[in-house]
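Undergrad: compute the structure for the input listed below.
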Amino acid sequence: MTARHTLGSLLRRARAEGYAVPAFNVVDEATMAAVLDTAASAGSPVVVQTSARTAAFWGAAPLRAAFEARRAASGVAAVLHLDHCTDADQVLDCVRAGWESALFDVSDRPFAEAVADTRRVVAEAAGHGAEIEGEFERIARIGETTPVVAAASYDRSREFVAATGVLCLSPDLGTRHGHYDADPPIRLDLARRLAGTVPVVLHGGSGLSAAALAATVAAGVSKINFSSAVKTEYLATVRDLAGSAEEPLDLPRALRARVGAVCDTYIRRSGSRGRQT
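TA: Predicted coordinates for the structure are as follows:
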């Protein structure tokens, strides 16, 4: 039987050994298989995560069952994680179903309320053996025209971590959700300072160059999220096969191969190849 890992155990080892754990957003069993099979081949730990929308569509328990079966078969050091969820009830539904962790996103509320709500979710999740990633400042999307609020200070970030007990933090490091064509300025100094006290998560990893990702890892980032790259390849594969597939299984086979190739690229750029525990 495969040992059950925690997000904390994966991130602490990554920080100590100088790499980041790649976290890939999946949308179905084909993409989940692509992530876990690729991680197994690369000998990499990995975070399999879903959006709140995906978790609601498939259901927390069915996704957990599918993940557990595939993780056990692959032998990968992996955890199942809920990404960017603003609803405490949905977070708790997932951890009750056995998910190891969740990002409870409170960037839509005032700081004092964000702290109180996160503290409560951290305590309730801990009762189910789960850990919480925290986010109190909104990380925007590439191309948004609405003004972006100035990034929080190091002191405010430390205050949030200390007051809530979150396992790890997703600060605004200058990246945005979406797929980059050129590297943005990344707040490496903030990442470096925060990494001394809490595991740091970088959102918006899709499209970042090998050099940019290596710099974030060197600055102490322990988890890097890749969502848009997976979704873009998924949709491109569907379009490419729409008129040529000869039988239904052609599509999931192609998805596993092509999404897997994307995952392999970012496993290498995260420095996690060969780090399987």
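Undergrad: Ala125 reaches Ala102, doesn't it?
TA: Yes - between Ala125 and Ala102 there is a contact at 7.0 Å, judged by Cβ atoms under 8 Å. In short, each C-beta sits where N, CA and C put it, glycine included.
Undergrad: between the two, which one's more packed in?
TA: Ala102 (29 against 25; other Cβ atoms under 10 Å).
Undergrad: quick one: the strands in the protein?
TA: Using DSSP state E, the strands found in the chain span residues 21-25, 46-51, 78-85, 101-105, 131-135, 168-169, 200-202, 221-226.
Undergrad: contacts for the third one, please.
TA: This points to strand 78-85. Residues from elsewhere that reach strand 78-85 (Cβ atoms under 8 Å, 6 or more residues apart in numbering): 5-7, 10, 23, 25, 36, 39, 45-52, 55, 63-64, 67, 71, 90-91, 94, 98-105, 133, 135, 225, 227.
Undergrad: what's the angle between it and strand 101-105?
TA: 10 degrees (axes from the mean of the first three to the mean of the last three Cα atoms, to 10 degrees).
Undergrad: how about the helices in this protein?
TA: 7-17, 29-42, 52-58, 60-74, 88-96, 111-126, 154-164, 188-194, 210-218, 228-241, 250-270 (DSSP state H).
Undergrad: and of those, who's closest to Gln276?
TA: helix 29-42 (7.9 Å; Cβ to Cβ).
Undergrad: keeping just the C-alphas, turn that closest one into CSV.
TA: Provided in CSV are the C-alpha atoms of helix 29-42 (Å, rounded to 0.1, in the frame of the first residue of the first chain):
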residue,chain,number,x,y,z
GLU,A,29,-9.4,11.3,-15.1
ALA,A,30,-7.5,11.6,-18.4
THR,A,31,-5.6,14.7,-17.2
MET,A,32,-5.2,13.1,-13.7
ALA,A,33,-3.6,10.0,-15.3
ALA,A,34,-1.3,12.2,-17.4
VAL,A,35,0.0,14.0,-14.3
LEU,A,36,0.5,10.9,-12.2
ASP,A,37,2.0,8.8,-14.9
THR,A,38,4.4,11.5,-16.0
ALA,A,39,5.4,12.1,-12.4
ALA,A,40,6.0,8.4,-11.9
SER,A,41,8.2,8.3,-15.0
ALA,A,42,10.1,11.3,-13.9
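Undergrad: quick one: mean pLDDT over it.
TA: Averaged across helix 29-42, pLDDT comes to 98.
Undergrad: check which helices and strands that helix is in contact with.
TA: Here helix 29-42 touches strand 46-51, helix 60-74, helix 250-270, going by 3 or more Cβ pairs under 8 Å, 6 or more residues apart in numbering; DSSP states H and E.
Undergrad: relative to Arg109, which of these is closest?
TA: strand 46-51 (19.7 Å).
Undergrad: each with direction, which strands does the closest one pair with?
TA: strand 21-25 (parallel), strand 78-85 (parallel) (DSSP bridges).
Undergrad: re earlier: show me the one of the helices and strands packed on helix 29-42 that comes nearest Ala16.
TA: Among the helices and strands packed on helix 29-42, if distance is taken as Cβ to Cβ, the winner is helix 250-270, at 15.2 Å.
Undergrad: run the chain-centre distance for that closest one.
TA: Taking Cα atoms, centre = their mean, to the nearest Å, one finds helix 250-270 lying 16 Å from the centre of the chain it belongs to.
Undergrad: equivalent analysis for stretch 208-217, please.
TA: Its chain's C-alpha centre and that of stretch 208-217 lie 16 Å apart, by Cα atoms, centre = their mean.
Undergrad: need the winner for burial among the strands paired with strand 46-51.
TA: Among these, strand 21-25 has the highest mean neighbour count (mean count of other Cβ atoms under 10 Å), at a mean of 28.
Undergrad: is it true that Thr54 touches Glu29?
TA: No - checked against Cβ under 8 Å, the pair Thr54 and Glu29 is beyond contact range at 11.6 Å.
Undergrad: coming back round to it: so for Arg256, which of the strands of the chain sits nearest?
TA: For the strands of the chain, the distance to Arg256 is smallest for strand 21-25, at 12.9 Å, taking Cβ to Cβ.
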